[in-house]
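Enquirer: return a 3D structure for these sequence lines:
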Amino acid sequence: MKFFKSIILFSFIAAVLASCTKDLNVDTPDQFSDDNFWTSENNVRSYSWGFYNLFTGFGTGTSADFYFSTLSDDQNAATFQNFTLTAPPTSGDWDWSYIRKANIMLERIDQIAMSDDAKRHWKGVARFFRAMDYFNKVKLFGGVPYISKSLDVSEDNLIYKPRDSRQLVMDSVLADINYAVANIRVRDEDNTVNQDVALALKARICLFEGSYRIYHTELGLNDAGKFLTEGKDASEKLMTGKYVLNPDYRTIYSSMDLAGNKEVLLYKKYLAGVLTHSVIGYTNSTTQMAGLTKSAVEAYPATDGLPIGQSPLYQGDANITAVRANRDARLTSTISDFLAYNGSLVNGYSTSTGYRPAKFLQPASNQLAPFNETDAPIFYYSEVLLNYAELVALMEKQGTYAVTQADLDKSVNLLRARAGVAKLVVQGGGNVASGANGATTIADPKREADISPLMWEIRRERRTELMMNGFRYQDVLRWKKGYYLDRTQNPDAFLGAKVPDNGRVLRNAQGYIMPYAASSVRTFVDPKNYLSPIPTGQISLYPPGVLKQNPGWE
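Expert: Numbers count the residues shown, from 1 in each chain. Sure thing, here's the model as predicted:
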């Protein structure tokens, strides 16, 4: 069952949602009410389609997990992006409609005549999406009001309850996803949430929350270990040979049909005339593109596995040919073999930094936005492998595990092999080597002293493998490295390719493209910018002092 079914059934689902109220007192043959809808498993399945809209994928316009998520140190948008400076009155992210939808589903399932296994499966699906929605809220806001039942309009004490602690919400999320893993079917219909997808979400949740609790010591949450251990276990359950990497890195990002792809656990289906997107159109048109930054391009290692600041194979950045020479194949798959920028267009193309994003291109698709038809991966094996590698490295940091060569060989070294990059070799004590036969100890001159070489290289793998996939911003925040997003503290995140003067492009003294004027400054404020503001309009709806604002946004 493809995601576009949820679009086809949208009107039907909306009618069901509207009907699921205690005030409905008309029961007509052509309409569903809360009393006559919950009669079969097929109706429950139909109700669940609406949850799939929570998966953004390539989006439909200019908001998506991929490419358009440009607020990071990896891309520079065509126009300057700053942090939100003042708390807004509203936010689409402060929305509990899907939580209510899940709670209604959980409360109605037991009244349906179906097997206990089916009931447990559908409760697992509801708890999967409730876990995912609360997880997404915590990433943005921290602690939020936790609601585990559908509310009546008279329940003011719950409707206007204060924010619950991050610990309570995330422990509840973990309980939900554990129930989902234990009860969702191994396989239901094609391309729907199943046990493996639940395991992948669990690993994602556990890595995020475990690492957040480690690095954000101001929270005083000293129980990261349970998230790390459970995340490692979830990842390993997916690393049994059932899923494999495609030979070509670009395949899952540029496919007209991801059905049957062994690297993909779940994908969003796009189909002409039903659901389409704009990612190809915006990376293949005369609209200026959001190019990769100098910082991002320099993160990719040379083929000997060494950072460019250490590798003798690195040819410099005097031109695009040199930049791409002897480099990680993920780089050459992600950017084009030409530079295009103000005053030096190529086929009408221009990018903010000179580096043209290329990994989403697919000539078989309609090339115009918003009519692109390639499928979008939602959960995929490469992320699972990265999650596993970082989880075991975090456990080593905590003193509860020792990373082995086998750990790297079954995770990040599979990704490096696909990219034509020499493998990482464990040396112990947080050190790693690479190069011919692992003979050279990695000593990246850019590594920060508070991060071990092992963790530094695993973070490099995550950054390069998931480039433009929508993870980077939240990765930086959970590592408590917000200053990577600050122009003064990380200037390479606001520079592009090295190019000659053409009279039109803005460059710095060293010849690197400056996408924005020097007066455009983005400053990361700690702790303010680690969390999003609670919408002020929501705060004003509550009794005074009940719904509290995040630090720095008062």
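Enquirer: distance of the spatially most central residue of the chain from Leu506?
Expert: Taking CA atoms, centre = their mean as the criterion, Phe471 is the residue nearest the geometric centre of the chain, at 3.8 Å. Separation of Phe471 from Leu506 (CB to CB, to the nearest Å) stands at 29 Å. Placement of C-beta: from N, CA and C, glycine included.
Enquirer: state the pLDDT value of the residue nearest to the centre of the chain.
Expert: Note on Phe471: pLDDT of 98.
Enquirer: ok, the one 5 residues further on next?
Expert: The predicted local distance difference test score for Val476 is 98.
Enquirer: which residue is the nearest non-sequential neighbour of it?
Expert: Tyr484 (5.0 Å; CB to CB, 6 or more residues apart in numbering).
Enquirer: residues contacting that neighbour?
Expert: 73, 476, 490, 493 (CB atoms under 8 Å, 6 or more residues apart in numbering).
Enquirer: can you give me the helices for the stretch 401-550 of the chain?
Expert: 405-409, 412-418, 453-465, 472-478, 536-541 (DSSP state H, counting those that start in this stretch).
Enquirer: go through those and name the closest to Leu174.
Expert: Of all the helices of the stretch 401-550 of the chain, helix 472-478 sits nearest to Leu174, with 16.1 Å by CB to CB.
Enquirer: residues near the closest residue to Pro543 other than its chain neighbours, how many?
Expert: Among residues not flanking Pro543 along the chain, Tyr160 sits closest, at 6.5 Å (CB to CB, 6+ apart). A count of nearby residues for Tyr160, using other CB atoms under 10 Å, gives 13.
Enquirer: my guess is Tyr160 contacts Tyr542. True?
Expert: Yes - between Tyr160 and Tyr542 there is a contact at 5.1 Å, judged by CB atoms under 8 Å.
Enquirer: circling back to that earlier point, out of the helices of the stretch 401-550 of the chain, which one sits most buried?
Expert: helix 453-465 (a mean of 23; mean count of other CB atoms under 10 Å).
Enquirer: so Ile378, which of the three states?
Expert: strand (DSSP: H, G, I helix; E, B strand; the rest coil).
Enquirer: can you get me a residue count around the nearest residue to it once chain neighbours are set aside?
Expert: Leaving out its chain neighbours, the residue that sits closest to Ile378 by CB to CB, 6+ apart is Leu266, at 4.4 Å. Neighbour count of Leu266, defined by other CB under 10 Å: 21.
Enquirer: hey, what's Leu266 bridged with?
Expert: With DSSP bridges as the criterion, Leu266 is bridged to Phe379.
Enquirer: residues contacting it?
Expert: Counting by CB under 8 Å, 6+ apart, Leu266 has contacts 55, 191-193, 197, 200, 377-379.
Enquirer: tell me, what's the model's pLDDT at the residue nearest to Val476?
Expert: pLDDT, read off for Tyr484, is 98.
Enquirer: now the strands for this structure?
Expert: 75-76, 264-268, 291-292, 335-339, 355-357, 376-380, 425-428, 431-434, 440-441 (DSSP state E).
Enquirer: so can I have TSV of those strands showing mean pLDDT?
Expert: Below are the strands of the chain laid out as TSV (pLDDT from 0 to 100):
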stretch	mean pLDDT
strand 75-76	98
strand 264-268	98
strand 291-292	98
strand 335-339	98
strand 355-357	98
strand 376-380	98
strand 425-428	96
strand 431-434	98
strand 440-441	98
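Enquirer: Gly260: how many residues sit nearby?
Expert: 7.
Enquirer: what are the phi and psi values for it?
Expert: The phi/psi pair for Gly260 (degrees, to the nearest 10) reads phi 80, psi 0.
Enquirer: mind listing what Asn413 touches?
Expert: Asn413 neighbours (CB under 8 Å, 6+ apart): 423-424.
Enquirer: what sits against the nearest residue to Phe471 once chain neighbours are set aside?
Expert: In this structure, Phe471 finds its nearest non-sequential neighbour in Arg462, 7.3 Å apart by CB to CB, 6+ apart. Residues in contact with Arg462 (CB under 8 Å, 6+ apart) are 386, 390, 471, 475.
Enquirer: most neighbours, which of the contacts of Leu266?
Expert: Val193 (27 neighbours).
Enquirer: check contacts around that one.
Expert: Val193 touches 125, 128-129, 184, 266, counting by CB under 8 Å, 6+ apart.
Enquirer: among those, which are in helices?
Expert: 125, 128-129 (DSSP state H).
Enquirer: how about those residues in JSON lines, adding neighbour count?
Expert: JSON lines is the format used below for these (neighbours: other CB atoms under 10 Å):
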{"residue": "Val125", "neighbour count": "28"}
{"residue": "Phe128", "neighbour count": "26"}
{"residue": "Phe129", "neighbour count": "25"}
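Enquirer: same list (those) but as CSV, adding distance to Gly537 and pLDDT.
Expert: Converted to CSV, the ones in helices among the contacts of Val193 look like this (distance: CB to CB, whole Å; pLDDT from 0 to 100):
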residue, distance to Gly537, pLDDT
Val125, 32, 98
Phe128, 30, 99
Phe129, 26, 98
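Enquirer: between those residues, which sits nearest Val173?
Expert: Closest to Val173, out of all of the ones in helices among the contacts of Val193 and judged by CB to CB, is Phe128, at 10.6 Å.
Enquirer: which one of the helices of the stretch 401-550 of the chain lies nearest to Pro370?
Expert: The nearest among the helices of the stretch 401-550 of the chain, by CB to CB, is helix 472-478 at 23.6 Å.
Enquirer: from the middle of its chain, how far away would that closest one be?
Expert: 9 Å (CA atoms, centre = their mean, to the nearest Å).
Enquirer: quick one on the thing from earlier: pick the most buried one from the strands of the chain.
Expert: strand 291-292 comes out most buried of the strands of the chain by mean count of other CB under 10 Å, with a mean of 30.
Enquirer: go ahead and confirm Met289 touches Thr351.
Expert: Yes - at 4.3 Å, Met289 and Thr351 qualify as touching, with contact defined as CB under 8 Å.
Enquirer: what do these two both touch?
Expert: Contacts common to Met289 and Thr351, judged by CB under 8 Å, 6+ apart, are Pro357.
Enquirer: neighbour count for the two, which is higher?
Expert: Thr351 (29 against 24).
Enquirer: contacting residues around that one?
Expert: 288-291, 340-341, 357, 496.
Enquirer: for it, which non-adjacent residue is closest in space?
Expert: Gly291 (3.5 Å).
Enquirer: against Val297, how distant is that neighbour?
Expert: In terms of CB to CB, Gly291 sits 9 Å off from Val297.
Enquirer: and if you look at Tyr381?
Expert: With CB to CB as the criterion, Tyr381 and Val297 are 25 Å apart.
Enquirer: what of Thr286?
Expert: From Thr286 to Val297 the distance is 23 Å (CB to CB).
Enquirer: which one's more surrounded, these two?
Expert: Val297 (28 against 10).
Enquirer: low-confidence regions, the stretch 1-150 of the chain specifically.
Expert: For the stretch 1-150 of the chain, the stretches with pLDDT under 70 are 1-32.
Enquirer: at 90 instead, please
Expert: 1-36, 61 (pLDDT under 90).
Enquirer: what touches both of Gly291 and Val297?
Expert: Tyr355.
Enquirer: and the helices in the stretch 1-150 of the chain, which stretches?
Expert: Going by DSSP H, counting those that start in this stretch, the stretch 1-150 of the chain shows helices at 4-8, 10-19, 34-37, 41-48, 97-108, 116-141.
Enquirer: name the helices or strands packed onto the fourth one?
Expert: Contacts defined by 3 or more CB pairs under 8 Å, 6 or more residues apart in numbering; DSSP states H and E place helix 41-48 against helix 10-19, helix 97-108, helix 116-141.
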